[in-house]
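Enquirer: Fold the following for me, if possible:
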Amino acid sequence: MTTKELKEFLDEKADLYENNQFIDSDPIQIPHSFSLKEDIEIAGFLSSIIAWGNRTMIIKNSKRMMDLMGNSPYDFVLHHSEDQLDNFDGFVHRTFNAEDFKFFIRSLKNIYENHNGLASVLLPSKEADNYQFAIHNFKKIFFEIPHLPRTQKHISDPVKGSAAKRINMFLRWMVRDNKKGVDFGIWKNHKASNLHCPLDVHTGNIARKLGVLNRKQNDWKAIKELDLMLREFDANDPVKYDFALFGLGVFEKF
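Expert: Numbering: from 1, shown residues only. As a prediction, the model looks like this:
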């Protein structure tokens, strides 16, 4: 395909898969259960953090996390007691366990009480056109309170080369507009043009098959390479193509 044909193909697929039916099989359904901005943020963040592995299990365990917080995540984060955190004992999703979950609640409380919330701590500098250093600085803030060393692995750092797939997915949810009812667009001071495609096995493989990505590893260098092409296709909304790449891989087995 020519570049023009490839853009038209991906535009068509992005439009096809960005709809309410996508929500039904995706972890984004968890924050869609809420209407309060802070509930959406916290539900989205926690669901994205465990978004690896079997999607059915991701959704099941994300719902369990919400249940453990009384389905009022923001209120729980601000007002929980240590006794209530003991109810998390036994929770596990792959390598994310109850102790990790407890720390995430404590850290989110610190972020909302002392750093003006998730939207503020993930905001890039005015001169930045990407989220690399915003995510790096967010990780520093997230772990500024006492924590187990093992828990640090659950927040990726793109400055150290990670593709930061889960954080980039969360950012897509919060920043992209909600005109099609999938993403939320509630972080108005963030720019969709700065977003990165959440790069995983599916999106990476499809991107390589289509020739929009050559690098073999799914790391930050691959993100930068993919950014160049997707931003050429749509400078204002490059991450709409996540729907195309993901849909082609998961739903069409392209």
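
Enquirer: going forward, measure contacts and count neighbours with C-alpha atoms only.
Expert: Fine.

Enquirer: Could you find the closest non-adjacent residue to Leu46?
Expert: The spatial neighbour of Leu46 that comes closest, neighbours along the chain excluded (C-alpha to C-alpha, 6 or more residues apart in numbering), is Ser62 at 7.3 Å.

Enquirer: ok, that neighbour - contacts?
Expert: Residues in contact with Ser62 (C-alpha atoms under 8 Å, 6 or more residues apart in numbering) are Pro27, Ile30, Leu46, Ser47, Ile50.

Enquirer: The second one touches Ile59, doesn't it?
Expert: In this case it means Ile30. Yes: with contacts counted by C-alpha atoms under 8 Å, Ile30 reaches Ile59, the gap being 7.4 Å.

Enquirer: For the two, list the residues in contact with both.
Expert: Joint contacts of Ile30 and Ile59 (C-alpha under 8 Å, 6+ apart) are Ser47.

Enquirer: Can you give me the buried ones in the host helix or strand of the residue nearest to Leu46?
Expert: Using DSSP states H and E, Ser62 sits in helix 55-68. By neighbour count with 16 or more other C-alpha atoms under 10 Å, helix 55-68 contains the buried residues Met57, Ile58, Ile59, Asn61, Ser62, Lys63, Met65, Met66, Leu68.

Enquirer: Quick check: next helix or strand after it?
Expert: Heading C-terminal from helix 55-68 (DSSP H and E), you reach helix 73-79.

Enquirer: circling back to that earlier point, and the average pLDDT for the helix holding Ser62 is what?
Expert: Here helix 55-68 scores 97 as its mean pLDDT.

Enquirer: again with stretch 237-254
Expert: 91.
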